[in-house]
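A.B. asks: Task: produce atomic coordinates for the following.
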Amino acid sequence: MTEPRMPKDKPDLLSAIEREWKLLLNAAEKLTDKQMLTPDTGGWSPKDNFAHLTEWMKVLMGYHMDHRPSHEVLGVSEDVTKGWDMGNINPVLFERNRNRSRQDVLDEMKRVYEQLTAKLESMTFEDYMQPRHAGDPERNPLVLWIMGDTTDHFAEHRETIEKAIKESANLR
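C.D. replies: Numbers count the residues shown, from 1 in each chain. Next up, the predicted model:
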C-alpha cells in the first residue's frame, strides 16, 4: 500500500475532493436505471455503493470530526460498531439502504456532500492537521480520515462501479 499524498494546503485538499466528487457524479449520471440497480459480483449495485459513500461521509462528520459516538452517528446499536469491524457495520448499512430508490439515494448523497463541504470550508488547514483524537499516541491527523472518506473512497467506489458496468457490457 502506498502512502497517501498529503495535501499541501486547504485549497489543495478541497480541490482534490471536488475533483473526485465530480468524477463520481459523472459516473452516476451515465448509468441507466437498470445499470444503477444491477448488482456486481459482490452483490452491490451502484445505488448501494452511493448509499454506502453517503453513510461514510456521515461517519466522517459525526464521528471523526464531531466526536459523537459511532453507533449514534450511524443510528445502530453499540454492538454493531464495537471494534470497527467493517464485516459487521457495512452489511447493516447495506440492508438499511437496499430498498431505497435511486433518486432518494442520489439526492441524499448530494445533500450530505454539501453539508460536508460546508463543514470543511469552515475549518482551517491547521484543524485538518490536528490529531483526530487527543489521546491518539500516533497523533494521526484528521486529514487522513477526511481523504479516506472522500477522495480515496469516492475513487474506490467509482472504479468498482465502472469495472462492473464494463464487465456486464462485455457479457452481452
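
A.B. asks: going forward, measure contacts and count neighbours with C-alpha atoms only.
C.D. replies: Fine.

A.B. asks: gap between the closest residue to Thr41 other than its chain neighbours and Leu24?
C.D. replies: Nearest residue to Thr41 in three dimensions, chain neighbours excluded: Ala164, at 7.9 Å (Cα to Cα, 6 or more residues apart in numbering). To Leu24, Ala164 is 14 Å away according to Cα to Cα, to the nearest Å.

A.B. asks: same deal with Thr124?
C.D. replies: 26 Å.

A.B. asks: out of those two, which sits in the more crowded spot?
C.D. replies: Leu24 (21 against 11; other Cα atoms under 10 Å).

A.B. asks: Was I right to think the more buried one contacts His153?
C.D. replies: No. Using Cα atoms under 8 Å, Leu24 is not in contact with His153; the gap is 10.1 Å.

A.B. asks: Poorly predicted segments of this protein, please.
C.D. replies: Low-confidence segments of the chain (pLDDT under 70): 1-4, 171-172.

A.B. asks: repeat that with 50
C.D. replies: Confidence mapping of the chain against pLDDT under 50 gives the ranges 1.

A.B. asks: Can you show me the helices along it?
C.D. replies: In the chain, the helices defined using DSSP state H lie at 10-30, 33-37, 46-59, 70-74, 78-81, 86-97, 102-121, 125-129, 143-148, 151-170.

A.B. asks: I'd like to check which residues are in contact with the most centrally placed residue in the chain.
C.D. replies: Central residue of the chain (Cα atoms, centre = their mean): Leu53, 3.2 Å from the mean position. By Cα atoms under 8 Å, 6 or more residues apart in numbering, the contact set of Leu53 is 109, 149, 153-154.

A.B. asks: Neighbour-wise, which one of those leads?
C.D. replies: Of the contacts of Leu53, with other Cα under 10 Å as the count, Phe154 tops at 24 neighbours.

A.B. asks: Noted, bye for now.
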